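Engineer: The amino acid sequence is not available; the structure is as follows:
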């Protein structure tokens, strides 16, 4: 088993804004994984474009060419973003690379997986919490491709949401409510 990141903020190691910091604290410190099974995004590199290509090669080494990930865990932002695929960012239109760098979003650039690799995944697991996401969750479940999250293939996805996030879903929705 390998753990690769979906996205990461460009910030120093150990920074509280880094997804890897939280991933280490909540999962990796408690899981019996060897360091070579954990693949952090190289966001500390001075050349982020080269770092994206390096990370794409890492993904190929662990998941084939083109890489097909077994499971991708995604969240949903209140603006409809997922990974670091945010509304209006040019990274939304990247079709020729599996990893790219976004523009500024909430004060930081980010490295992110792009739609091509996300849509090749065997399974996508969405975990959505919070009432501020209920409108976007309804749009995601309706297949609304006008929001970034809605461009991730839904035919191989499972959506799990808490009751607050699921507030606007109708009874025909395929989301699991916890």
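Structural biologist: Nice, I can see it. Keep in mind the model is a prediction, meaning the values are calculated, not measured.

Engineer: Report how many residues lie close to residue 129.
Structural biologist: Residues lying near residue 129 (other CB atoms under 10 Å) number 17. C-beta here means a position set from N, CA and C on the backbone, and glycine is covered the same way.

Engineer: Please disregard the earlier target; I meant residue 128.
Structural biologist: 25.

Engineer: Contact partners for it?
Structural biologist: 75, 76, 137, 140, 159, 160, 161, 162, 165, 166, 175 (CB atoms under 8 Å, 6 or more residues apart in numbering).

Engineer: same question, residue 20
Structural biologist: 5, 8, 13, 40, 41.

Engineer: what two of those residues are the furthest from one another?
Structural biologist: Pairwise distances across the contacts of residue 20 (CB to CB) peak at 13.4 Å, for the pair 5 and 13.

Engineer: out of the contacts of residue 20, who has the most neighbours?
Structural biologist: residue 41 (28 neighbours).

Engineer: Check whether that residue really touches residue 54, as I assumed.
Structural biologist: No - when contacts are counted by CB atoms under 8 Å, residue 41 is not listed as touching residue 54 (9.6 Å).

Engineer: Can you give me the end-to-end span of stretch 130-139?
Structural biologist: 15 Å (CA to CA, to the nearest Å).

Engineer: per-residue confidence averaged over the strand or helix carrying residue 20?
Structural biologist: Under the criterion of DSSP states H and E, residue 20 resides in helix 19-26. Mean per-residue pLDDT for helix 19-26: 85.

Engineer: Longest helix in this structure, by number of residues?
Structural biologist: Taking DSSP state H as the criterion, the chain has its longest helix at helix 48-63.

Engineer: Any buried residues in it, and which?
Structural biologist: By 16 or more other CB atoms under 10 Å, the buried positions in helix 48-63 come out as 48, 51, 52, 55, 56, 58, 59, 63.

Engineer: Could you dump the residues you listed into CSV and include pLDDT?
Structural biologist: Shown next, in CSV, are the buried residues of helix 48-63 (pLDDT from 0 to 100):
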residue, pLDDT
48, 97
51, 98
52, 98
55, 98
56, 98
58, 98
59, 98
63, 98
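
Engineer: returning to what we had before: want to throw the contacts of residue 128 into a markdown table with neighbour count and secondary structure?
Structural biologist: Listed next are the contacts of residue 128 as a markdown table, based on neighbours: other CB atoms under 10 Å; DSSP: H, G, I helix; E, B strand; the rest coil:
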| residue | neighbour count | secondary structure |
| --- | --- | --- |
| 75 | 15 | coil |
| 76 | 26 | coil |
| 137 | 28 | helix |
| 140 | 28 | helix |
| 159 | 23 | strand |
| 160 | 15 | strand |
| 161 | 25 | strand |
| 162 | 16 | coil |
| 165 | 27 | helix |
| 166 | 23 | helix |
| 175 | 19 | coil |
